[in-house]
Structure formats: C-alpha cells, structure tokens
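Undergrad: Requesting a structural model of the entry that follows:
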Amino acid sequence: MGTILGDMRHVQWHELRHAGGSASQVPGMLSRIAWGDSESAEDALSDLGQWIGALAVFDSTVATVPFLWELAATQSVKDRVGVLGLLRTILAHGHTHHPEWTRDAHLAVLAGRTTALRLTGDGDPAVRESAQELLTALDGHVCRTCPPE
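TA: Numbering: from 1, shown residues only. The predicted structure follows:
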C-alpha cells in the first residue's frame, strides 16, 4: 500500500462486522476507492456505503471512518465527494441494538471536523460544496447516543 491507508494493516478487520457479515473485505474496498479508476472507485464506495452506513453503523464503521477522512483529504482520490457523502450518511445513522457503535461512529466522524473545514477551501468546487454540507451536519449534530458538547 502507498502512503495513504498504510495503517489499515493494524486493524483486525476479520474480527469486525458490517451489514453483510465479516469486514475482512473492507480494506480492499478502501484500496479501490484510493487507487481505482473512477468507475471502480465509485462501485467500491457504493458497496462500502451499503456495508457500513446506509442502513446502520457497525463496529467496522468505527474502524473505517479515519480512513474515509484520509481519502477525502487526498487529492488523487477520484470520488472525494462520494467519500464526504458517506461520512454524512454515517453521521445520520445508528444501530438500534448497539448504541456504542453509533456513538463511536459518530464521534469518529465528528473528529474529522478540521479536515472538513480545510476541504471547504479545496480547489475542486464540488469537494468544497460537499465539505460545507458535511461541516453543517457536523456542527448541527445532536443524537441521544452522543455526549452533549
């Protein structure tokens, strides 16, 4: 792996779960988002979204969020707007039976506020707009599982 996503190897993905089962395939999806062509990256991002955020968040969501922030901040990534959108999706969802996953996933997204703020000045207007939308969601986030500020 290149300089981005290098820390993925420290995560025990096979011990984590996503909507479809074992999260052992998540690193491959993140790699496709990082280095794939536009179509491959878009497909991987769609699959990853279904696994870790579209319906509910999981323990694998918590592990994945820092890598999503890394991808959003890397200019060579083809679909940074999609990555920022997935972060918004994660912030909007939870897991009924595992409130700790909800809290931890939301806190991981909230921890990237500085990156979102920086991306509001990005050279790509679509990234700027998506980062601003995410920043608005971050600043307005309130849910019953997250600690009040």
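Undergrad: Please make it C-alpha for all contacts and neighbour counts, starting now.
TA: Will do.
Undergrad: Where does the prediction get shaky in the protein?
TA: Along the chain, the parts satisfying pLDDT under 70 run over 1-2, 149.
Undergrad: mind running it again at 50?
TA: Along the chain, segments meeting pLDDT under 50 span 1-2.
Undergrad: Let me know the secondary structure of the closest residue to H93 other than its chain neighbours.
TA: Among residues not flanking H93 along the chain, A56 sits closest, at 5.6 Å (C-alpha to C-alpha, 6 or more residues apart in numbering). Applying DSSP: H, G, I helix; E, B strand; the rest coil to A56 yields a three-state assignment of coil.
Undergrad: For A56, grab the count of nearby residues.
TA: Number of residues near A56 (other C-alpha atoms under 10 Å) recorded here: 22.
Undergrad: Same check on the one 3 residues further on?
TA: Burial of D59, expressed as a neighbour count using other C-alpha under 10 Å, amounts to 21.
Undergrad: One more: the one 5 residues further on?
TA: T64 is flanked by 22 other residues according to other C-alpha under 10 Å.
Undergrad: my guess is it is in a helix, correct?
TA: Yes - checked against three-state DSSP, T64 lies within a helix.
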